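# based on what follows, work out the 3D shape:
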Amino acid sequence: MNDAIRPLDYLAPPACIGILGAGQLGRMLVHTAQKMGYQTVVLDPDSNAPAAHLSHEFLQFAYDDPQGIDLLAQRASRVTTEFENVPAHTLESLSLKVPVRPSAYAVSVAQDRTIEKNMIRACDLQTAPYHIIGQACDILKTPLELFPGILKTARLGYDGKGQVLVHDMAELHSAYASLNAFSNPTASDESIPCVFEKKLPLLAEFSVIVARNERNDMVNLPIQCNQHINGILHLCTVFNHALDAELENELIQAAHKIAQTLSYVGVLCVEFFIVDESPSSLPSSRTSKTPSWVVNEIAPRPHNSGHHSLDSCDVSQFELQLRTLCGLPLVTPRQHSPCVMLNLLGDLWFKEDGTGPIEPAWEKVLAHSGTHLHLYGKTQARKGRKMGHLNITAAHPKEALMILEKCLHILDLPPIKSAFLSMSTHHDH
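Got it, this is the predicted structure:
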């Protein structure tokens, strides 16, 4: 039995936890580890990253620097990662010296959309219909029934980056050229692998965050309903009975199946699209009476949509990650409050006339009961940059949504979309 699947012994505080990446996820993981009594050491190339000054020790190295890897292995008793774009070979190298969760293999699957989709389909789960474009000549082989579609880089795309909406073959050629320039600005003659997905008629997006250990114990957070703007998560609602019980169970079981197939150890997010019933959208092999759905993608780490758990549940996604890493028992998180999570982007610091940056009126937001402000300590606000999030908890979903509307008004943000509202509260009683 190799290290990737051997159950980890209990690691008692004040042992040191190593974290690759010092972004906001690393920051929240450091907060949680310190609350539980653990020491932390964080490695990141950016000395101004959010977790750099919070950790007990900070190592400023590139993720593939052998010296940094050696120092991290010397300092830490266990190592995890806060994001999926750490080179898989770094995780593999570290795993020879210190237990690393999740494994290099699991992270490598999530790093490549082609491999990821093959894995999902190997689980007998559906994805959007797609075509692999490894080089320019593959464009002409694209099935016409995939138009309109979304061209995505196979690697390194996130928050809407590396994605282009395409309506016809001419646009596909142009989009492929633009993504090559985006990914290889100094090597435009090279071809990058892409995935071209059919654009499906979506009703909603939900995500399931599951935690799994080597003993195949699995628990999950309550299911989240997500709304995106320009490819970035904007709002997340977490209400009991937001979905039909049968559909909710299907999504949870699918997330568990993916985690089990990957022999995944850690916290894993699986995103799902609920698809409008359309004969041409998907293969008609389903026998379930629930709405059609597909797996969009996976994230081998705590996820933006799970940030609500810091204030709405008795066990957060970050504690679940530490429990899997430290050999602690997995317990099912209990949601004690309906919750809305609002992402706070750098746009809030700037006025429509371009003036700024000006700190938003947090004192007015925090005047409302149930508001929990989480700012990530980033030194510079930029449009589109995740600066923090706001959790709103209440005794009832309607109350949480009423407070949300007031906060949106204070922050000069548009009101919540009615379609998203109806889907996220459809079955609430």
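# start to end distance for stretch 360-372?
15 Å (CA to CA, to the nearest Å).
# what's that stretch in contact with?
Residues from elsewhere that reach stretch 360-372 (CB atoms under 8 Å, 6 or more residues apart in numbering): 310-311, 337, 344, 348-349, 373, 390-394, 399-400, 403, 406-407, 410-411. In this view, the C-beta of every residue, glycine as well, is placed from N, C-alpha and C.
# swap in 7 Å and give it another go.
311, 348-349, 373, 390-394, 400, 403, 406-407, 410-411 (CB atoms under 7 Å, 6 or more residues apart in numbering).
# list the buried residues for that stretch?
Residues P360, W362, V365, G370, T371, H372 are the ones in stretch 360-372 that count as buried (16 or more other CB atoms under 10 Å).
# and what of stretch 304-321?
Those would be 304-313, 315-321, for stretch 304-321 by 16+ other CB under 10 Å.
# what does stretch 406-419 give?
Quick answer for stretch 406-419 (16+ other CB under 10 Å): K406, C407, L408, I410, L411, L413, I416.
# beyond the lengthiest helix in the chain, next helix or strand please.
Taking DSSP state H as the criterion, the chain has its longest helix at helix 245-261. Remark: after helix 245-261, the chain's next helix or strand is strand 266-275, criterion DSSP states H and E.
# elements contacting that following strand?
strand 202-212, helix 245-261, strand 292-299, helix 317-325 (3 or more CB pairs under 7 Å, 6 or more residues apart in numbering; DSSP states H and E).
# among the ones you listed, which is nearest A175?
strand 292-299 (19.1 Å; CB to CB).
# which residues of the chain score low on pLDDT?
1-5, 157-160, 181-190, 277-288, 418-419, 421-423, 425-429 (pLDDT under 70).
# which residue ranges of it form helices?
24-35, 66-75, 88-95, 104-110, 113-122, 169-183, 245-261, 309-312, 317-325, 362-365, 397-410, 418-424.
# dump those into JSON lines; add distance to A299 as well.
Formatted as JSON lines, the helices of the chain follow (distance: least, CB to CB, whole Å):
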{"stretch": "helix 24-35", "distance to A299": "10"}
{"stretch": "helix 66-75", "distance to A299": "22"}
{"stretch": "helix 88-95", "distance to A299": "15"}
{"stretch": "helix 104-110", "distance to A299": "7"}
{"stretch": "helix 113-122", "distance to A299": "10"}
{"stretch": "helix 169-183", "distance to A299": "20"}
{"stretch": "helix 245-261", "distance to A299": "11"}
{"stretch": "helix 309-312", "distance to A299": "15"}
{"stretch": "helix 317-325", "distance to A299": "11"}
{"stretch": "helix 362-365", "distance to A299": "28"}
{"stretch": "helix 397-410", "distance to A299": "25"}
{"stretch": "helix 418-424", "distance to A299": "20"}
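# out of the ones you listed, the one nearest V195 is which?
Per CB to CB, nearest to V195 of the helices of the chain: helix 113-122, 4.6 Å.
# same for that closest one, what does it pack against?
By 3+ CB pairs under 7 Å, 6+ apart, helix 113-122 packs against helix 104-110, strand 194-198, strand 292-299.
# list the contacts of the longest one.
Just to be clear, that refers to strand 292-299. 84, 110, 116, 120, 125-128, 251, 254, 258, 268-275, 277, 282, 286.
# chain center to that strand: distance?
On the basis of CA atoms, centre = their mean, to the nearest Å, strand 292-299 sits 12 Å off its chain's mean C-alpha point.
# name every strand pairing with that strand and say which way it goes.
strand 266-275 (antiparallel) (DSSP bridges).
# what angle do the partner strand and helix 24-35 make?
140 degrees (axes from the mean of the first three to the mean of the last three CA atoms, to 10 degrees).
# mind checking how far strand 266-275 is from the chain centre?
Worked out by CA atoms, centre = their mean, strand 266-275 lies 8 Å from the chain centre.
# quick revisit: so which of the helices and strands packed on strand 266-275 gets nearest L146?
That would be strand 292-299 among the helices and strands packed on strand 266-275, by CB to CB, at 14.0 Å.
# circling back: and the longest helix of the chain, what does it pack against?
By 3+ CB pairs under 7 Å, 6+ apart, helix 245-261 packs against strand 202-212, strand 218-220, strand 266-275, strand 292-299.
# what packs against the first one?
Counting contacts by 3+ CB pairs under 7 Å, 6+ apart, strand 202-212 is packed against strand 218-220, strand 224-229, helix 245-261, strand 266-275, helix 317-325.
# of the ones you listed, give the one that comes closest to Q67.
Nearest of the helices and strands packed on strand 202-212 (CB to CB): helix 317-325, 23.8 Å.
# dump that closest one to CSV, keeping only the CA atoms.
This file holds the C-alpha atoms of helix 317-325, laid out as CSV (Å, rounded to 0.1, in the frame of the first residue of the first chain):
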residue,chain,number,x,y,z
GLN,A,317,-14.6,23.5,4.6
PHE,A,318,-11.2,24.5,5.9
GLU,A,319,-11.6,22.4,9.0
LEU,A,320,-12.6,19.5,6.8
GLN,A,321,-9.4,19.9,4.8
LEU,A,322,-7.3,19.9,8.0
ARG,A,323,-9.2,16.9,9.4
THR,A,324,-8.4,14.8,6.3
LEU,A,325,-4.8,16.0,6.5
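# would you map out the domains in the chain?
16-100, 129-198, 202-424 (automatic domain parsing).
# got the contact list for stretch 401-413?
For stretch 401-413, using CB under 7 Å, 6+ apart, the contacting residues are 340, 342, 348, 360-361, 364-365, 368, 370-371, 390, 392, 394, 415-416.
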